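>>> Curious how this folds, go ahead:
(one chain, ligands or ions: 2)
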Amino acid sequence: MEKLMIRGGRPLRGTVSISGAKNSAIALLPAAILAESEVRLDNLPHISDVEIYKELLQELGCRVSWQEETLSIDPTGIQSIPMPNGRVKLLRASYYLMGALLGRFGEATIGLPGGCNFEPRPIDQHIKGFEALGAIVTNEHGAIRIKANELRGARIYMDVVSVGATINIMLAAARAKGSTIIENAAKEPEIIDVATLLNAMGAKIKGAGTETIRIEGVDRMHGCRHSIIPDRIQAGTYMIMAAATRGDVLIDNIIPKHMEALTAKLQEMGVHVYEMDESIRVVGQQDYEAVDVKALVYPGFATDLQSPMTSLLTQTTGVSILSDFVYSNRFKHVPELARMGAQIRVEGRSAIVEGGKLNAAKVRASDLRAGAALVVAALTVEEGVTEITGLEYIDRGYERLEEHLRGLGADVWREA
Ligand SMILES: CC(=O)N[C@H]1[C@@H](OP(=O)(O)OP(=O)(O)OC[C@H]2O[C@@H](n3ccc(=O)[nH]c3=O)[C@H](O)[C@@H]2O)O[C@H](CO)[C@@H](O)[C@@H]1O
Ligand SMILES: C=C(OP(=O)(O)O)C(=O)O
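Ligands and ions are numbered 1, 2, ... in the order given. Here you go, the predicted structure:
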């Protein structure tokens with residue numbers, strides 16, 4: 001079992017360049033299925049989720065090739081092959097194959113998605129959307145079968161603001177007959193990125209990034225070239241690491257506007273944060289104020305940064321309350337942080353975090369951001385080596401993590 005070994009206590013210093021966004025990449029790859037010629041995606045992150053998606057597209061008959069950060073997808077040989085089992089279960093975002101195959105072929109059979117299972121993650125809103133577009137959806141032994149004789153545009157009001165359901169409905173509706181209106185849509189930057197790609201492929205989508213998205217279905221879509229937006233969660237994790245280690249780090253190749261909720265919270269704690277056009281400099285301080293954090297849908301504080309933020313809040317001199325209004329039980333990192341000496345109590349959808357020093361321990365990542373939280377915590381520990389297992393989760397979302405951390409002066413290595 002691979003372990004990440006971290007001897008902490010060193011302030012991170014230097015520059016880190018952020019890759020393309022995981023949550024965009026794994027929606028843009030299946031979106032290419034809707035095109036009838038080659039789609040080229042630039043700035044793609046080298047992470048395991050992208051590798052798995054590449055293999056899924058190959059299983060469906062796409063020709064896929066990597067050249068550094070550019071992935072070319074030629075969907076001319078694609079078929080809607082049923083995928084009830086196998087790699088689809090390794091990924092949360094395999095659910096986008098449902099919308100993309102439905103849009104292209106009018107049918108799809110895809111196993112229920114995997115990914116980070118920090119709590120039950122239903123897909124009822126995705127199914128509600130497909131049904132509204134005229135599809136019949138059935139559950140066949142754990143796989144979702146979706147079939148439509150003809151996809152027709154519809155007005156769909158989302159009961160829950162969902163990133164995945166908003167994107168999935170956009171994918172299916174892009175080639176439906178007539179117009180679709182998604183109300184109460186999610187507004188995350190990744191949704192705008194997907195709409196930008198789809199429009200470059202010939203779709204007619206307006207309003208992405210607002211709560212009302214209008215899609216005029218088109219008959220055919222074509223290839224194009226598109227550059228993926230920077231990963232705001234990866235960027236936020238490095239901002240948090242810089243603050244937690246009292247370091248001085250320039251986080252480069254990002255969109256500072258995407259970081260506003262985190263930037264404001266760090267400043268409230270007493271961290272010095274300087275925004276530039278495409279980068280942010282984070283200068284840590286010795287003393288931090290306790291703060292309360294509420295994870296919400298965008299543009300609120302991202303739930304995906306809630307776990308790493310929990311580790312940072314152990315570095316304050318008071319009691320902070322961190323509540324997650326997106327995932328009420330996303331606290332699997334808390335017992336592991338407790339092994340490192342953290343004083344954290346979970347009450348309902350909140351973690352109550354008391355400031356104090358952490359110590360080295362053997363801990364396990366139970367999901368991607370829980371893993372990021374453990375890395376943040378380990379970097380603050382002044383004596384000894386922290387051993388983190390569960391690296392398959394961390395590798396889902398952080399490109400070249402050890403290399404980046406070593407470049408910033410951290411003492412980090414991987415052991416088999
Ligand atoms: C691949 C990807 O992009 N993953 C991100 C995406 O996940 P994902 O798209 O799966 O998350 P959603 O935005 O759909 O989930 C938001 C909330 O809605 C609920 N819900 C969702 C769908 C549904 O059909 N029914 C329902 O009740 C969920 O349980 C959750 O409480 O957005 C999350 C929220 O920002 C992030 O944590 C994930 O990193
Ligand atoms: C929960 C996450 O990812 P996924 O939805 O792909 O499991 C995440 O990126 O924090």
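>>> Just the CA atoms of stretch 276-288, as CSV, please.
The C-alpha coordinates for stretch 276-288 follow below in CSV (Å, rounded to 0.1, in the frame of the first residue of the first chain):
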residue,chain,number,x,y,z
MET,A,276,-3.2,39.8,-9.4
ASP,A,277,-4.7,39.2,-12.8
GLU,A,278,-4.0,35.5,-13.0
SER,A,279,-2.4,34.7,-9.7
ILE,A,280,-2.8,35.1,-5.9
ARG,A,281,-0.1,35.5,-3.4
VAL,A,282,-0.8,34.1,0.1
VAL,A,283,1.5,35.3,2.9
GLY,A,284,0.9,33.4,6.2
GLN,A,285,1.1,35.0,9.6
GLN,A,286,1.9,33.7,13.1
ASP,A,287,-1.5,34.3,14.7
TYR,A,288,-4.9,33.6,13.2
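>>> who's in contact with the residue of the stretch 251-400 of the chain found nearest ligand 2?
Using CB to the nearest ligand atom, D304 is the residue of the stretch 251-400 of the chain that sits closest to ligand 2, at 3.9 Å. (Glycine included, C-beta is placed from N, CA and C.) By CB atoms under 8 Å, 6 or more residues apart in numbering, the contact set of D304 is 233, 236, 368-369.
>>> I'd assumed it was in a helix, is it?
Yes - assessed with DSSP: H, G, I helix; E, B strand; the rest coil, D304 lies in a helix.
>>> Mind checking which of the contacts of D304 land in helices?
233, 236, 368-369 (DSSP state H).
>>> top of those by neighbour count?
Highest neighbour count within the ones in helices among the contacts of D304: R369, with 29 neighbours (other CB atoms under 10 Å).
>>> Quick one: the helices in the stretch 51-200 of the chain, in order.
Under the criterion DSSP state H, counting those that start in this stretch, helices of the stretch 51-200 of the chain are mapped to 96-105, 124-132, 163-173, 189-200.
>>> Give the residue farthest from the middle of this protein.
The C-alpha centroid of the chain is most remote from N149, which lies 33.2 Å away (CA atoms, centre = their mean).
>>> That one reaches G106, doesn't it?
Yes - counting by CB atoms under 8 Å, N149 touches G106, with 7.0 Å between them.
>>> if we can go back for a sec, farthest pair in the contacts of D304?
Using CB to CB, the contacts of D304 span at most 13.1 Å, a distance reached by G236 and L368.
>>> Could you name the helices and strands sitting against the helix or strand harbouring G14?
Using DSSP states H and E, G14 falls within strand 13-17. Identification of packing neighbours for strand 13-17 by 3 or more CB pairs under 8 Å, 6 or more residues apart in numbering; DSSP states H and E yields strand 248-252, helix 401-407.
>>> Which residues does the longest one contact?
It refers to helix 401-407. Helix 401-407 has contacts (CB under 8 Å, 6+ apart) with 4, 12, 14, 16, 238, 241, 375, 379, 394-395, 412-414.
>>> Near ligand 1, which residues of the stretch 151-300 of the chain? Just list them.
Contact residues (CB under 6 Å from any ligand atom) of the stretch 151-300 of the chain with ligand 1: 160, 162-165, 186.
>>> which ones among the contacts of helix 401-407 are found in strands?
4, 14, 16, 412-414 (DSSP state E).
>>> Now a ChimeraX select for only the buried ones of these.
Those of these that count as buried under 16 or more other CB atoms under 10 Å are selected in ChimeraX with:
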select :4,16,412
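>>> I'd like the ones in strands among the contacts of helix 401-407 as CSV, with pLDDT and distance to L250 appended.
Output for the ones in strands among the contacts of helix 401-407, formatted as CSV (pLDDT from 0 to 100; distance: CB to CB, whole Å):
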residue, pLDDT, distance to L250
L4, 98, 24
G14, 98, 7
V16, 98, 7
V412, 98, 19
W413, 98, 24
R414, 97, 25
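>>> and the residue in the stretch 101-250 of the chain that ligand 2 sits nearest to, how many neighbours?
Taking CB to the nearest ligand atom, ligand 2 has its nearest neighbour within the stretch 101-250 of the chain at G115, 3.1 Å off. Look at G115: counted by other CB under 10 Å, it has 20 neighbours.
>>> same check, this time on E387
Other residues near E387 come to 17 when the count uses other CB under 10 Å.
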